[in-house]
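**Student:** The following block contains a protein sequence and its predicted model.
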Amino acid sequence: MERDRPKLEFYAKHRGSRDVTLLALVLALLAFGLVMLFSTSAYNGLVRFQDSGYYLKKQLFATSIGLAVMAAVSRIDYRVWRRFAPAAYLCALALSGLVLAVGKEYNGSKRWLALGPLSFQPSEFAKLAVILFLACAVERLADRMGKFRYLLLVMALLLPIVGLVGTNNLSTAVIILGIGFLVVFISSPRYMPFVFMGAAGGGFVAVFLALESYRLERLAIWRNPEAYEKGYQTIQGLYAIGSGGLFGKGLGSSMQKLGFVPEAQNDMIFSIICEELGLAGALAVLLLFSLLIWRFMVIAVHAEDLFGALIAAGIMGHMAIQVLLNIAVVTNSIPNTGITLPFVSYGGTSVVFLLAEMGLGLSVSARTKL
């Protein structure tokens, strides 16, 4: 015991301290995202609003709110959220239903709720609510997660939110399904049931694709973008990636952002990163995201309890799935699903709730087991 005392004293001293590595990675991604957002959106802002900093100012405002939320959430013991998890999930269901009834449409998609001059995207809140709800549900059923019917029960709890969100935002529905699959997989000692659950999930997505003709059209555009007018964005994005070369044309020197890639500051911002910073810049971005995902894996392994471990695992899954899907869309590896690159793409609601998730991760990390 005497021999282990220095180690225990070290852990006791650092227990409750900030996770500097996670915080540094988040701030680095935020700073990089703001720089690339200004570079990508300046032309569009000048043409549409006579202000080259229009998008940057709005994103800075949302980021400042997000940082305040992250700081507040990181100081709260994450176990407090256990009691609010079911209510958060029900709230996400209600807001998603409200979008269908009175949602605001933008670029052909009804995904926003208008709050006066501000707009709010409930699907971003739904991701965070699902992570908390799943962590709470799985913790309560922990000793029964080896039984197939309980695995199905937990996944079935997600179907209402997946159905509501997927009606007008299939990409977010896929992310929510992916988060659920990962959290349940981690909590179960069995593997074979997940083969059947994966097949069922694929069938669920196939049904959603078949319900609307425009979704089937996206598959056709993906297979042959040159043959469709709506394949223009994909082709221009690929031009941007190809013209960047090894080290890119230089920050601010993209040609494709000058109206060739529509709304380049949103889903397609990774293509402009490739054009301006080249393969080296793209790999640097992927490295930052990989380190962020690795950090959440470490936090999950060392969490004080199952609830904290599942929260960290859910955030890790969210980051991994969304980054992979965005890059796959930009490189035309999968059909265009309208999904953003975390911390980099333009979107106030997205950055606020992403930073709230980071605050949760910091809270779990500050209370790791000895």
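**Tutor:** The structure has been received and is ready for your questions.
**Student:** For the closest residue to Pro262 other than its chain neighbours, identify the helix or strand it belongs to.
**Tutor:** In space, and not counting its chain neighbours, Pro262 is closest to Gln233: 5.4 Å by C-beta to C-beta, 6 or more residues apart in numbering. Bear in mind the C-beta positions are built from the backbone N, C-alpha and C, glycine included. Assigned by DSSP states H and E, Gln233 belongs to helix 232-244.
**Student:** now that helix: mean pLDDT?
**Tutor:** Across helix 232-244, the average pLDDT comes to 89.
**Student:** What residues of it count as buried?
**Tutor:** For helix 232-244, the neighbour count (16 or more other C-beta atoms under 10 Å) marks Gln233, Thr234, Gln236, Gly237, Leu238, Tyr239, Ala240, Ile241, Ser243, Gly244 as buried.
**Student:** what do you get for stretch 93-109?
**Tutor:** Of all the residues in stretch 93-109, those buried under the rule 16+ other C-beta under 10 Å are Leu93, Leu95, Ser96, Val99, Gly103.
**Student:** Narrow the residues you listed to those in helices?
**Tutor:** Leu93, Leu95, Ser96, Val99 (DSSP state H).
**Student:** quick one on the thing from earlier: any idea how far the residue nearest to Pro262 is from Phe307?
**Tutor:** Going from Gln233 to Phe307 by C-beta to C-beta, to the nearest Å gives 42 Å.
**Student:** Could you do Cys136 as well?
**Tutor:** 7 Å.
**Student:** all strands for the stretch 101-250 of the chain, in order.
**Tutor:** 104-106, 109-115, 118-120 (DSSP state E, counting those that start in this stretch).
**Student:** residues of the second one that come out buried?
**Tutor:** Just to be clear, that refers to strand 109-115. Within strand 109-115, the residues that qualify as buried are Lys110, Arg111, Trp112, Leu113, counting by 16+ other C-beta under 10 Å.
**Student:** cool, stretch 283-303 as well?
**Tutor:** Of the residues in stretch 283-303, Val285, Leu288, Phe289, Leu292, Ile293, Arg295, Phe296, Val298, Ile299, Ala300, Ala303 count as buried by neighbour count, 16+ other C-beta under 10 Å.
**Student:** And stretch 174-181, by the same measure?
**Tutor:** Applying a neighbour-count criterion of 16+ other C-beta under 10 Å, one finds Val174, Ile175, Ile176, Leu177, Gly178, Ile179, Gly180, Phe181 buried in stretch 174-181.
**Student:** Give me the nearest residue to Gly66, chain neighbours excluded.
**Tutor:** Nearest in space to Gly66, with sequence neighbours left out and distances taken as C-beta to C-beta, 6+ apart, is Leu355 at 3.4 Å.
**Student:** Confirm for me that the one you found is in contact with Met70.
**Tutor:** Yes - counting by C-beta atoms under 8 Å, Leu355 does reach Met70; the two are 4.1 Å apart.
**Student:** that older thread, make a markdown table out of the buried residues of strand 109-115 and add pLDDT and distance to Ser350.
**Tutor:** Putting these into a markdown table (pLDDT from 0 to 100; distance: C-beta to C-beta, whole Å) gives the following:
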| residue | pLDDT | distance to Ser350 |
| --- | --- | --- |
| Lys110 | 71 | 17 |
| Arg111 | 77 | 11 |
| Trp112 | 79 | 12 |
| Leu113 | 81 | 15 |
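**Student:** Spatially, which two of the residues you listed are the most separated?
**Tutor:** Lys110 and Leu113 (9.9 Å; C-beta to C-beta).
**Student:** quick one, helices of the stretch 251-370 of the chain?
**Tutor:** Here the stretch 251-370 of the chain has its helices, by DSSP state H, counting those that start in this stretch, at 269-302, 306-330, 348-365.
**Student:** Serialize those to JSON lines and add fields for mean pLDDT and distance to Gly202.
**Tutor:** Output for those, formatted as JSON lines (pLDDT from 0 to 100; distance: least, C-beta to C-beta, whole Å):
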{"stretch": "helix 269-302", "mean pLDDT": "95", "distance to Gly202": "24"}
{"stretch": "helix 306-330", "mean pLDDT": "94", "distance to Gly202": "15"}
{"stretch": "helix 348-365", "mean pLDDT": "95", "distance to Gly202": "26"}
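**Student:** Could you save these as TSV and add columns showing distance to Gln50?
**Tutor:** Shown next, in TSV, are those (distance: least, C-beta to C-beta, whole Å):
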stretch	distance to Gln50
helix 269-302	22
helix 306-330	29
helix 348-365	21
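**Student:** Can you pull the residues that touch both of Lys110 and Leu113?
**Tutor:** Taking C-beta atoms under 8 Å, 6 or more residues apart in numbering as the criterion, Lys110 and Leu113 both touch Val99, Gly103, Lys104.
**Student:** isn't the last one right up against Leu115?
**Tutor:** No - if you go by C-beta under 8 Å, Lys104 and Leu115 don't touch, sitting 9.9 Å apart.
**Student:** In contact with the residue lying closest to Asn336 once chain neighbours are set aside: list those residues for me.
**Tutor:** Closest residue to Asn336 apart from its sequence neighbours, by C-beta to C-beta, 6+ apart: Val329 at 5.4 Å. By C-beta under 8 Å, 6+ apart, the contact list for Val329 reads Asp267, Pro335, Asn336, Thr337, Gly338, Ile339.
**Student:** Would you report the backbone torsion angles of the second one?
**Tutor:** This points to Pro335. Main-chain dihedrals, Pro335, degrees, to the nearest 10: phi -60, psi 150.
**Student:** Neighbours of it, how many?
**Tutor:** A count of nearby residues for Pro335, using other C-beta atoms under 10 Å, gives 20.
**Student:** and if you look at the last one?
**Tutor:** Using other C-beta under 10 Å as the criterion, Ile339 is surrounded by 26 other residues.
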